[in-house]
Structure formats: structure tokens, C-alpha cells
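*Asks:* Predicted model and sequence below, questions to follow.
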Amino acid sequence: MTNAYEPQKIEPRWQARWQSEAVYRALNPGDPGFDPKQKKYYVLDMFPYPSGSGLHVGHALGYVGTDIVSRKKRMEGCNVLHPMGWDAFGLPAEQYAIQTGKHPRATTNENTRNFKRQLELIGLSYDWSREIDTSDPKYYRWTQWLFNRLFEKGLAYRTSVPVWWCEELKTVLANEEVINGRSERGNHPCVRRPLEQWMLRITSYAERLLADIDAVDWPESIKIQQREWIGKSEGAEIRFALDGHDTHSLTVFTTRPDTLWGATFMVLAPEHELVQRITTPQQRAAVEQYVKASATKSELDRTDASKVKTGVFTGCFALNPAFDVADPRAKVPVWIADYVMLGYGTGAIMSVPGHDERDFEFARKFDLEVREVVAPPKGHKGLADGECFTGEGTAVNSGPIDGLATKAAKARAIEWLVSRKLGSARTTYKLRDWLFSRQRYWGEPFPLLHLADGTTVAVPDDELPVLLPPMDDFKPASDGSAPLARVPEWVNTVDPRSGQKARRDTDTMPGWAGSCWYWLRFMDPHNQTAPFSKEAERYWGPVDLYVGGAGHAVMHLLYARFWHKVFFDAGLVHTNEPFQRLFNQGMVTAYAYQDAGSRLVPSAAVEASGDKYVNAETREPLTQIVTKMAKSLGNVVNPDDMIAEYGADTFRLYEMFMGPLADSKPWNTRDIPGCKRFVERVWRVFVEPEGDAPIRAQFAAGAQVPAIQGDTLTLERSLARALKRADDSFQNLNLNTAIAGFMTFINDATPLLPAMSRSQGERFLRALAPFAPHLCEELWSRMGMPGLIVQAQWPVAEAHYLIEDEIDLPVQVNGKLRATAKAQKDADNAQLEAIARSAVENHLAGKEVVKTVVVPGRLVNFVVK
RNA sequence: GAGGAAGUGGCGAAAUCGGCAGACGCAUCGGACUUAAAAUCCGAAGCCUUCGGGCGUGGGGGUUCGAGUCCCCCCUUCCUCACCA
């Protein structure tokens, strides 16, 4: 037994012990030893994509936070489910394979091994018996099985949609791989091109996805982002006849049916199907050129999208149904312009330039008629002032709805349209159906067969999984078809039900698929007859606390909610929503350094002297800035290095001590020694460094129990405050304040050490244990405490030690602090006033006290003239 | 352009209700110990000051006996989404 603090020795030792005793193993209903009366708590991290570069300290932030919560919940007696796994399908592994020839299976296995090693180094309390890998056939078998449920409900369909095509890479790219019209990798130009794709009908759940978000305990900012993304808007669909085209009409969506009388032109999206039919010969050349240009240009140079509206007249006129055909106002020109999106509403609008900014700008540019149909309320500028008015007002120049306020005018306009069969009320959503297929290799194959008779059927559940065929060339074909299409022996098969010849679907699912239900698989990860058992789901669902970055605010969380609702409808799960409480950890940023010309200098070449920074070579002064961690800046910090140097406990403490879990904050390795010092001070409080006893005698079993008085009472109060602060810090996960409380206690205890009792020592260790588990386990064992501290009970402050008998009473004169006086905690107002008055006598001399404010137990304020 | 989050010492930050602004750390400075250094321990420290005090939570107004905290306007930074009719 040595008395030096040696984290490199004690940490692996306790990790091995926890593993051998399976202390983080969560029991399911039916498992031996399962206690149905015990409360359950499910803490989930957003599981990582195991990239080749490994974890950095930013990823670890949330994992340390949830680990501390899990450990505390266990100590509070909960059956805690805290699992971890790998979101292992995805494009980087495949891209890497194309470049290096290394199979995605091999790199994925390597990467997950590395991630797991890193997580274990940190001492995280995952139940590794539940580890899952979305790219493992044992897992994706059930992803396919769940897809079949969507397919049989008609929620998956195949259609031709415009997708990103990159000519340079000869491949289809996912939306998330295209940034400002260029490929994320290589920065090549991309264009939209129609291709047959699988879609999921998420829009049919739009209303429920919107409504149910009110009931969950999520950050309001995320709720707002989801609501905005779903983007419900209510309005009307209106049909316009086209002059000279009896067979075609033009339907538009508007949220302002009351402004129909002010519609002076129409605009179609350039891709709108009517464009070809209605364009007149004179305009054809101009229109075709515009359509072609907008296929690339509109998305390509968005950076210098100078917001100048462009468009071309088709030569065609529509008839505004608000007016009689003979009325000159009825005939309105039809234009095309790229400010109208094909995918939203009907891909066509009626333009009301008097009351819509975009239409107003367009009308000005092309000199089109602007007519006022909504009079602004008094005090607002309108067309009379040369400005467009988009707010609510009173209908004017609008025939049957004249004089109505906007709200009523909308309703009346819809009635009017319905009665004439010109339109109807309609609600639209920004949310689009979900493009669910990728022409890629490293994903779940669709469990679908295209039969000789032209129908498409699901592979029967009992034939799953449809395994990815072995391949070693993953390059997409030049026509955009998937790599799987090049494996004829895999593609060509027979439908096991009808015996017909069949072709397998050669698309794979997107990276999101595996993460759409993984929290359910964690509940029952080894089930071979179902994705998860009903009993397990009834017991564990929903997730009590889900922690991850705000970057997944929309996509993952919306997709996951969608699948969960489909499962709910299918009777597979018993809750409407998957994640009861969501918490977003902040981003860990890092410092970077700039020279006078704002050029970034790699961190390795920066030298610090006090609070100044200079370039180590040139001695040029540098400015410190805060940025993302990036390889190119050389400021990525990885946990392995930190742990090797300081130990896991110090690393964990620093991660939390930086600030509230929710805040973004810069990593500063220079600050870590503060946490290291704290850990060492804790050690020395318990262990005499020069001695050879495992623990100071006062903390050993059978030590004399001091009376709680004098210094021991002072420490008891200090400990109570620390325990209270620690407990409170879990409310908002500002665990930094808990650590500050522990530090304060150790600062108090150090000079009063002889008065500290064994009981105080062990309670302190129990509170610190979730934060610094190895250290506490070691000291706990040296104290001769029974069992493991990870299984001990969470200590709670005794309320009466939180109350001080004597307080420092601040005394203010005119709101300014002039003195502090000692006062008894329970002194009444008159006593307090008297004490206060004598404390600030000199400030009151010769002044008239006009008012005295006494806040019992808080302060006294004299208002004087 | 829209939405969100946030601005407090040299730095990270703290401050249930409106009630002593800057706890706890880092860096800094001083002292002890040491042949010396490291480590450790003790102490100082928001800024200005004529040593009475004054000024201080991005800026400007307001409410209040009292505002980091509540209300209005403005500025800056970061994140997300881009013309959604």
C-alpha cells in the first residue's frame, strides 16, 4: 500500500472490479433478482457515429454529465438503464473505403473498438452487456423488420423526386452532403436531377408531431425549432383559369385568401409542370433559358444571392376568379421565378404585390400593377406611403369582403370561394416527405422485392435480415444506380411466397434509420424473436433523460418521434413520445490564435507568457480567439492525453467544472491543474502522505466519534451546505456548482482536519463519488466501509445544519451598502432595525430617515434625505 | 432575412424570490518551507481614488427603498434555417 495519490494505478483497478461485479448491469423484468418495486430511470446519450478520429473532449462532455446523473440515480435506489452503442452505418466509412480500399466493416470495427476503449478510460458506467451496433445484422434485421411495418401501412412509397447529383463524383448525394449547392467533399458543383427514390410519409404525422411536442419536457428552443420545421400554415387553395387553355387550370396556395382581389399576376416555380404547356412561342426561348439556369444557379451561388428577384413572363394570362371575365382586372400575366419553390404549397402563387414583400419587390422590378386591397390600421404605413403593407387591416377594393377586418375577411373569402367552387380551405406544412433511400453500399438494404409482374412486396419477416452482399468496390455507377445493383447473384432472387422471379431493391437506407429506434433496442438488446419485448418496453419506456447536442434539434429528433408514433399506432410501444426529458449539452469550443493579419497560427506554435501569447518562432504577438475544435487549427484535445496526464477523475471533474452542462464554453487545458489539486487535497484529507496507514486514524473503522460541536459542528454545517448544493445542481445539470461546493468543504476541512469525523468523511465521499468515482472508491475501501461506494446511498443534507444562528446583516443607506452587522437569525424587525441603526450611525447623522426597509434574515435599508 | 442562445474581473465562471456582485477555480503577485527549484501551505487582488469615497454585470432609458435579475429601445458574438406564399 502506497500513500501517494496515483490515479494511473487506482483507476484501472477499480474499473476492473466494477466490471467483474457487473455493477452497472440493469435488470429487466424477468431477470433473476429483478425487483418490480424499484423505480426505473433511463438515461440515454445520443450514440456516436464512430469516426476514425476518435472522441474529443467535446463528445465526452455529455457522456460525463449523463454518467454522473446515472451514478447518482443508482445511489438513490433506482434501477438505471444507461447504455451505449454505435450509429455505425454511414457515408464516411464508405467514402474512406473508396479512397483506401479498406472495407467499411473493417474500419467500423476498428473505430468502435477505439471509441469503446476511450469511453472505458473515462470510467463511464455503461451497461456494456447492452452494446449495439446499427450495422450489425443482428440489429439491422430489426430495422428492416420495423421498415416492413411502415411499408405495410403505406408509409413508404417510391416516386421520382429531384435529388442532388454531383457530376464530378458521379453520384447522388444526400441533402446533408450538399452545402450551398456544392458537395461537402471536394466542393464540386451539384445539380438537382429527378430520380426514383423511396420516401417516407412523415407528412401524414405532421399534425401529431406538432401537437404532441407541447407535452414533453424539452428545451423551449428545440420545441420552437421543431414547430418551425413542421411549419403549419392555414389558408386556402384557389383555382385560376388560364386564358386560352380550357383543359388546364392553375391552383395556388395562399395564407391570405382575403387578398385575392389584389392579385395582379401569378408566379410559377421554374420546374412547375405547367410551364412547358403554357409558354407562348414568343417567350419560349427566354423561358427555357431561365428554367435551365435556375436548375443550377438558384442553389449554386447562394452566398452572393444578392436577393435581386429574377423571372420571365410566360406569355400566358390567368383569370382572377374574383372578377368577371370582362373586367380588365381579371386578366393577369403568368410569370416564372425562382423565388417560388416547387416543393411548397402547389409550387405556384398568386402575387399580391400590395401586401407581400417578395411580390412587391418583383412587381417593382418588372413594373407590374400594384393594387391596395388591405387598408392598414391608423399609424401604419401602407401603399399611400410607397410601402408594402403585410399586416392585418381592413379589406378595401375587394367586392364582397369590403370593410371586413383581415381575420373575418379571410373566413368570408373562403366561404365565397367554396360557394363558387373556386377553392377551399387548406392547411399546408413546410415539412416534406422524407427522402429515405440512398444509392450507397454502407446502409441497411431495403427488404423489398420487385416482382416480375411489376409489384413490389416486402421480404417476409422470417426471411430477415436481408444481408448486405460482400463487395469490395463501392463506387457508385455513373448513372447514379447503387453499388448493390452490380451484384447480380444478390439482386436476382425468387419471391419466397409466390415463387416469382424477383429483383431485390438495390437502395439502402440513410444514416438516420438505425437511430430511429435504438433506444428501444437498448431495452432488450438480445431479443431474437422481436425488436424488443413488450414487457421490457412497458418497463423502461419512455427515456427519462436524453442528452445530446443541439445540432440534432430537428432531423434526428423529428425522425425518431415519427417512427415512435408509427410504433405506437402499431401497438408496439405504450407511449406516444420516446423522450420525456431532453437536455442539450453545450458545445466545447477551443482557443485559437491569430496574428496581426488575422491569420490563424496552429496552437503548437503558440507560446504563452502570463496572459499574453506570441508566435514561438517569430515572437509576433497573437490574439486569442474562441472557435470550434478543428484539426486544421491544431486545437483538438483528446481525452486519452488528458487522462494519461491527469487521471480520469480529474478529467471528469474538469469537464463538469468548466461551466453548466448546457452552456458552450472553451476548453482550457491550463485550468485542469486546479481540479487536479482539488483531487490531491481530498486525498490528503483522508490519507497521510508520509504515513504508512491506509487511512488517517480518525476515518478508520472504530475511530472515536467526536461530538458535533465546535470545529466538528462547523464542518457539519459546511458539509450540509456542500451536500445541498450538490443535490441542487442536478436540477439544471450545472454540476460545476456542486464541484465548487465540494472544494469549499475541502477548503474548510483542511485547517480543521483534526475535528473531522469518520461519518463526515464517508458522507463527503458518497456525494463526490458520482463525479470522481475511482478516487472515492479507493478511499471508501481504505476506510473499511462495507461494499462498493458505487452501490452506496446518496447522502442528503440534514436541514437543521443548513440554518445558521447568526447572520451577517447587510445595512444599506439609500440602497448602498454601508456596513454589515451581526444579528441573530430569528431577530424580529425592531431588533434588526436597532442593530442596523447603530451600525450606520455616522451615515445617518444629520439626515432624516424617510423610510426603513427591513427584510427579515436578509438586510436593512434606510432611505434618507 | 427569420428563429434561437448568450454578453458579469486578465480567463472559466457564481449569485432559488429583485436584497452584501465576482463564490469556486485558472493565471498573477507576495510570504513560508527549500542549498535551489518543483510540489505544498499561508496570504493579496474588480477598476479608479486626493483614502472621504467614487465607478462597476454589452450600451441607453424605465419600474423599485433596492435591478446582473423585471419592462422598453439599441449594439455585439455564437448556433440553426434560408425567399415557405
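*Replies:* Structure's in. What do you need?
*Asks:* Distance of the nearest residue to A:M555 once chain neighbours are set aside relative to A:S70?
*Replies:* Once flanking residues are discounted, A:M555 sits nearest to A:W512: 6.7 Å by Cβ to Cβ, 6 or more residues apart in numbering. In short, each C-beta sits where N, CA and C put it, glycine included. Relative to A:S70, A:W512 is positioned 26 Å away (Cβ to Cβ, to the nearest Å).
*Asks:* Which of these two has more residues huddled nearby?
*Replies:* A:S70 (26 against 21; other Cβ atoms under 10 Å).
*Asks:* Could you pull up the contacting residues of that one?
*Replies:* A:Y41, A:V43, A:V80, A:H82, A:S125 (Cβ atoms under 8 Å, 6 or more residues apart in numbering).
*Asks:* of those, closest to A:A502?
*Replies:* A:H82 (43.4 Å; Cβ to Cβ).
*Asks:* The closest residue to that closest one other than its chain neighbours: helix or strand, and which one exactly?
*Replies:* In space, A:H82 comes closest to A:S70 once its chain neighbours are excluded; the distance is 4.1 Å by Cβ to Cβ, 6+ apart. Assigning secondary structure by DSSP states H and E places A:S70 in helix A:57-75.
*Asks:* Quick check: what element follows that helix along the chain?
*Replies:* Following helix A:57-75 toward the C-terminus (DSSP H and E): strand A:79-81.
*Asks:* Which parts of chain A belong to which domain?
*Replies:* According to automatic domain parsing, chain A comprises the domains A:232-428, A:588-627, A:804-864.
*Asks:* tell me the most buried of those?
*Replies:* domain A:232-428 (a mean of 18; mean count of other Cβ atoms under 10 Å).
*Asks:* Do any residues in that one lie close to RNA strand B?
*Replies:* Yes. Domain A:232-428 reaches RNA strand B (Cβ under 7 Å from any atom of the strand) through A:233, A:235, A:253-256, A:269, A:298, A:305, A:307, A:309, A:338-341, A:343-345, A:347, A:349, A:356, A:358, A:428.
*Asks:* for the record, mean pLDDT for that domain?
*Replies:* When pLDDT is averaged over domain A:232-428, the result is 88.
*Asks:* That one spans what distance, first to last residue?
*Replies:* 6 Å (Cα to Cα, to the nearest Å).
*Asks:* list the contacts for the residue nearest to A:M555?
*Replies:* Contacts of A:W512 by Cβ under 8 Å, 6+ apart are A:M555, A:H556, A:Y559.
*Asks:* 10 Å instead?
*Replies:* Going by Cβ atoms under 10 Å, 6 or more residues apart in numbering, A:W512 touches A:87, A:89-90, A:174, A:176, A:434, A:436, A:443, A:555-556, A:558-560, A:563.
*Asks:* can you count the residues close to A:E168?
*Replies:* Counted with other Cβ under 10 Å, A:E168 comes out at 12.
*Asks:* Excluding sequence neighbours, find me the nearest residue to it.
*Replies:* Per Cβ to Cβ, 6+ apart, closest to A:E168 is A:H188, 3.7 Å.
*Asks:* how near is that neighbour to A:R412?
*Replies:* 53 Å.
*Asks:* for A:P270, same thing?
*Replies:* Taking Cβ to Cβ, one finds A:P270 at 34 Å from A:R412.
*Asks:* what about A:D727, distance to RNA strand B?
*Replies:* 10 Å (Cβ to the nearest atom of the strand, to the nearest Å).
*Asks:* what ranges do the strands span in the stretch 101-250 of chain A?
*Replies:* Assigned by DSSP state E, counting those that start in this stretch, the stretch 101-250 of chain A shows strands spanning A:132-133, A:156-166, A:171-173, A:178-179, A:182-183, A:191-200, A:232-242, A:245-254.
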